[in-house]
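J.: Predicted model, plus sequence, below.
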Amino acid sequence: MTPPVTLEAYLDARRAEVEAALAHALPPAPDCPAIVGEAMRYSLDAGGKRLRPILCLAAADAVAGQRGTDPAEAHALALPAACALELIHTYSLVHDDLPAMDNDTMRRGKPTLHVVAGEGMAILAGDGLLTEAFALLAREPVSEDPAVISRRLQVVGVIATAAGGTGMVGGQALDLAMDPQGSGPGASIDAAALRAMHARKTGALITAAAVAGAVIAGGDASAVAAIRRCGERFGLAFQIVDDVLDVEATSADLGKTAGKDAAAGKPTYPALYGLAESKQMARACIDDAATDLRAAGFGDTRLLDIGRWIVDRTH
Ligand code: GRG
């Protein structure tokens, strides 16, 4: 496999791999009733950057480079985890947009799922996406090799921990309990609490993407630890940039309602630190990750470029 030259070509190639695999990631009708299968597909096929799956594949690439194994084989091993991460991410967006949570009407440039299919179907589609993610992780990558089977099990644990109460669900619960305009227990939140909430809500799944790719490609403990630290920094940078874009970008750019955080009086990085310092903080996360990756022998990998993509993105 000839490595693509530009980051754009690399991202396009990985995205195409992910899209092709996602096309087969959900059970077809009539095994799965079309009414809920189509609802799942509506949100999954609505686009999105596919950041988490691409990060997972890039981490697998980095480990393959270090171990001298075939990158195409590493991709084949990592693709199920990459797809599962996108299924879980999509479920979280569907549920986050529900009236009981963020109550949003636009996502990925389209009306949100509950708007087109109703709340009940949106809840079920989210449940379905989450559950199918773990079905996929349980059955793939198909292998008789005990080492691969053991890594597959490890990946299930990594992703479940990131998606569950200690990760995304826990973070979303803390977010939901926040009451910026009120005087209850969630009324005030300082910088440390904001960071801790985001580390769970957004950071955990991004970190898990990097870790899952490294684990399934056969990374040793020190490689996995280095890639985990990178994922944590990428997760924080991603959230800071998300907050900045909520202020600076338009709804058309974002494909979702812009300016909602400020309108709700939510504590955000720009609200706490200002726009310029927030941007500087995001860049510092990526610079620290790059320094750390270089020290761990991953200096010449796409992971560094993905960090730049996270901070330079416009949507
Ligand atoms: C419902 C358990 C549960 C969790 C929801 C992810 C999440 C937790 C809420 C989404 C709210 C939100 C906008 C968070 C900010 C960060 C974020 C996840 C943005 C969307 O991710 P992108 O930019 O989206 O990767 P695309 O559409 O490109 O995949």
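T.: That came through, no problem.
J.: hey, let's count contacts and neighbours off CA atoms from now on
T.: OK.
J.: Up against the ligand, what does the stretch 201-315 of the chain have?
T.: Residues of the stretch 201-315 of the chain lying close to the ligand (CA under 6 Å from any ligand atom) are Lys201, Thr202, Gln239.
J.: 8 Å instead?
T.: For the stretch 201-315 of the chain, the contact set with the ligand under CA under 8 Å from any ligand atom comprises Lys201, Thr202, Phe238, Gln239, Asp242, Asp243, Gly255, His315.
J.: Which of these fall within helices?
T.: Phe238, Gln239, Asp242, Asp243 (DSSP state H).
J.: re the thing from before, looking at the residues of the stretch 201-315 of the chain next to the ligand, state which has the most neighbours.
T.: Lys201 (28 neighbours; other CA atoms under 10 Å).
J.: still on that earlier bit, between all of the residues of the stretch 201-315 of the chain next to the ligand, which two are separated the most?
T.: The most widely separated members of these, counting by CA to CA, are Lys201 and Gly255 (20.3 Å).
J.: Could I get the full set of helices for the stretch 151-300 of the chain?
T.: 168-177, 191-198, 204-216, 221-248, 251-254, 260-263, 269-273, 275-295 (DSSP state H, counting those that start in this stretch).
J.: which one of these lies closest to Thr90?
T.: So among the helices of the stretch 151-300 of the chain, helix 204-216 is nearest, using CA to CA, at 11.7 Å.
J.: Just list what that closest one packs against, helices and strands only.
T.: helix 51-67, helix 71-96, helix 146-163, helix 221-248 (3 or more CA pairs under 8 Å, 6 or more residues apart in numbering; DSSP states H and E).
J.: pLDDT for the ones in helices among the residues of the stretch 201-315 of the chain next to the ligand - can I get that in TSV?
T.: As requested, these are arranged in TSV below (pLDDT from 0 to 100):
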residue	pLDDT
Phe238	97
Gln239	96
Asp242	95
Asp243	94
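J.: which residues sit against the helix or strand hosting Ala13?
T.: In the assignment (DSSP states H and E), Ala13 maps to helix 7-22. Helix 7-22 is contacted by residues Pro3, Pro4, Arg50, Pro53, Ile54, Leu57, Leu79, Pro80, Ala82, Cys83, Arg302, Asp305 when judged by CA atoms under 8 Å, 6 or more residues apart in numbering.
J.: what's around Gly120, how many residues?
T.: Neighbours of Gly120 (other CA under 10 Å): 10.
J.: For it, give me its contacts.
T.: So Gly120 contacts His114 (CA under 8 Å, 6+ apart).
J.: Start at 725, not 1
T.: Okay, using 725 as the starting number, the last item reads as Gly844.
J.: Assign a three-state SS to it, would you?
T.: With DSSP: H, G, I helix; E, B strand; the rest coil as the basis, the three-state label of Gly844 is helix.
J.: gap between it and His819?
T.: According to CA to CA, to the nearest Å, Gly844 stands 11 Å off from His819.
J.: now swap in Gly955 and tell me
T.: From Gly955 to His819 the distance is 24 Å (CA to CA).
J.: These two: who's more crowded?
T.: When Gly955 and His819 are compared for neighbours, Gly955 comes out ahead with 28 against 23, by other CA under 10 Å.
J.: I figured that one was touching Ala938, is that so?
T.: No. In this structure, Gly955 is not within contact of Ala938 by CA atoms under 8 Å, at 10.8 Å.
J.: List the residues that contact the spatially most central residue of the chain.
T.: In the chain, the centroid-proximal residue (CA atoms, centre = their mean) is Arg776; its distance is 3.9 Å. Applying CA under 8 Å, 6+ apart, we find Arg776 in contact with Ala806, Leu809, Glu810, Leu929, Ile930, Ala933, Ala934.
J.: Closest one to the ligand out of these, please.
T.: Glu810 (7.6 Å; CA to the nearest ligand atom).
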